[in-house]
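# Here is a sequence together with a model predicted from it:
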Amino acid sequence: MSPVKAVQVLLVEDDPADVELTREGLKDSKMHININVVDDGVKAMQYLKKEAPYSDVVRPDLIILDLNMPKKDGRAVLQEIKSNEDLKCIPVVVLTTSQDAWDIQKCYEMGANCWITKPIGLEEFIKIVGTVQDFWFTVVKLPIQRSCIPESNK
C-alpha cells in the first residue's frame, strides 16, 4: 500500500489571525493537509511560478485567496493565475471579507472556482473552513499535479 499523499494548499492571506483560523479549521481533517502561507500577492505569484525564494516548493492542489492584500491584491493574482497556461487549472477559492456584488461577478468571470465571504465569528469561520475542506478534498476530484496542458498539446 502506498503512503497517502498530502494535499497541498496555498493560503494567500495577510491577516495572521485569519491564517490561524484557517489552520484551526483544517486541523481535524482526515487527510494530511500541508498549508503553505504567503502574505501578499507578489509572493503568491513567486510561489506559484517557483521563483526565488520558492524554487523548491510543491505545486498546490488548491489556492485559498484573500482579495485585499498588500503589494498585489487578490484580483490581480486571480487574473494572473487564470491567464497562465501552467497554473489555470489549480482551483482557486476566494475567501474574503468583501460582499461586493461587482467583486463577486468579476472574480467568477476571471475564473474563480468558489467565492466565500469570511464570517465574523470564530466558530463560524472555523466551520466555513471545515466545509471548504470537506468539499474540495472529499467531494471534488482535483486535477493531477502537473501543467494543465497535456504534453501532446504543448
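Cool, got the structure.

# Leaving out sequence neighbours, find the closest residue to Asp15.
Leaving out its chain neighbours, the residue that sits closest to Asp15 by C-beta to C-beta, 6 or more residues apart in numbering is Asp66, at 7.4 Å. Every residue, glycine included, has its C-beta placed from N, CA and C.

# What separation is there between the residue nearest the centre of the chain and Val57?
Most central in the chain under C-alpha atoms, centre = their mean is Ile63, positioned 1.3 Å from the mean C-alpha point. The gap separating Ile63 from Val57 is 13 Å, by C-beta to C-beta, to the nearest Å.

# and what of Ile90?
13 Å.

# higher neighbour count, these two?
A side-by-side neighbour count of Ile90 and Val57, using other C-beta atoms under 10 Å, places Ile90 first with 22 against 16.

# Now do the SS call for the spatially closest residue to Val92 that is not a sequence neighbour.
Closest residue to Val92 apart from its sequence neighbours, by C-beta to C-beta, 6+ apart: Ile63 at 4.7 Å. For Ile63, the secondary structure call by DSSP: H, G, I helix; E, B strand; the rest coil comes out as strand.

# Pull the lowest-mean-pLDDT helix or strand in the chain out as CSV, backbone CA atoms only.
Ranking every helix and strand in the chain by mean pLDDT, DSSP states H and E puts helix 122-134 at the bottom, with a mean of 74. C-alpha atoms of helix 122-134 as CSV (Å, rounded to 0.1, in the frame of the first residue of the first chain):
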residue,chain,number,x,y,z
LEU,A,122,-14.6,32.5,15.4
GLU,A,123,-16.7,29.3,15.4
GLU,A,124,-18.4,30.2,12.1
PHE,A,125,-15.0,30.9,10.4
ILE,A,126,-13.7,27.5,11.5
LYS,A,127,-16.9,25.9,10.4
ILE,A,128,-16.7,27.5,6.9
VAL,A,129,-13.0,26.4,6.5
GLY,A,130,-14.0,22.9,7.5
THR,A,131,-16.8,23.0,4.9
VAL,A,132,-14.3,24.1,2.3
GLN,A,133,-12.0,21.2,3.2
ASP,A,134,-14.9,18.7,3.1
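
# Which residues does it contact?
18, 21-22, 24-26, 28-29, 31, 33, 64, 93, 95, 114, 116, 118-119 (C-beta atoms under 8 Å, 6 or more residues apart in numbering).

# No more questions from me, cheers.
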